[in-house]
Every structure is written in structure tokens, then in C-alpha cells.
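*Asks:* With the sequence up front, the predicted model follows.
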Amino acid sequence: MTCTSRAWLVAASVGAVEALKDQGFCRWNYALRLLQQRAKTNLRSYAQAKKLSPAVMATKREQDKFKQSEESLRKVMYLSCWAPN
């Protein structure tokens, strides 16, 4: 996007906002600020969850290894009890 087209885009946006203000849409500022604050909060929560993710993944891997070893032991016990000698 060239500088000229960006300038026109910004000018059009400012003009649209000013036109909406003149029509009484200023009361939307509260709703927009509220949405922005909620979005920031959710992004922070997502970032914190992402930081915790390696610990959660390590726990999941440990659980998977435990289940796999338990399944192997169960299979060995089954075969030793029921397999032909």
C-alpha cells in the first residue's frame, strides 16, 4: 500500500469517525472500550496459558508413559497366565 493510499485511508477513517460523533454515536465509546479491555484480558489469559503449556505437556507425556507401561505389564500378565506353555 503506498503512502498516498494510506493517507487517504486514514483521512477517510477520521472523517467517518467525526461524522458518527456528529450523529451522536459517541456513546459507543464506552462499549468499544469495554470490548477492548475484555480482549486485552483474554489475550493476557491466553499468554499465561501458553506459558503454562510446557508444564502441562510434560505432565501429559508422563501420564502417557505411565499408561503405556501399565498396558505392557497387563499384556505380559495376561499372556503369562493364559498363553499356552
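*Replies:* Done, it's in. Please read all numbers here as calculations on a predicted model, not as lab measurements.
*Asks:* from the chain's centre, how far out does the helix or strand containing Ala19 sit?
*Replies:* Using DSSP states H and E, Ala19 sits within helix 3-22. Helix 3-22 sits 32 Å away from the centroid of its parent chain (Cα atoms, centre = their mean, to the nearest Å).
*Asks:* what packs against that helix?
*Replies:* Using 3 or more Cβ pairs under 8 Å, 6 or more residues apart in numbering; DSSP states H and E as the contact test, no helix or strand touches helix 3-22. No exception for glycine: its C-beta is placed from N, CA and C like everyone else's.
*Asks:* So for Lys51, what's the pLDDT?
*Replies:* Looking at Lys51, its pLDDT is 69.
*Asks:* on that earlier part again, report the next helix or strand after the helix holding Ala19 in sequence order.
*Replies:* Assigned by DSSP H and E, the successor of helix 3-22 is helix 28-82.
*Asks:* circling back: relative to helix 28-82, how tilted is the helix holding Ala19?
*Replies:* 110 degrees (axes from the mean of the first three to the mean of the last three Cα atoms, to 10 degrees).
*Asks:* So for helix 3-22, what gets flagged as buried?
*Replies:* By neighbour count on 16 or more other Cβ atoms under 10 Å, the buried set for helix 3-22 is empty.
*Asks:* just stretch 71-78 next, same as before
*Replies:* In stretch 71-78, counting by 16+ other Cβ under 10 Å, buried: nothing.
*Asks:* I'd like the distance from that stretch to the chain centre, please.
*Replies:* Worked out by Cα atoms, centre = their mean, stretch 71-78 lies 39 Å from the chain centre.
*Asks:* any idea of the mean pLDDT in it?
*Replies:* Here the average pLDDT along stretch 71-78 is 88.
*Asks:* try stretch 9-24
*Replies:* Here the average pLDDT along stretch 9-24 is 74.
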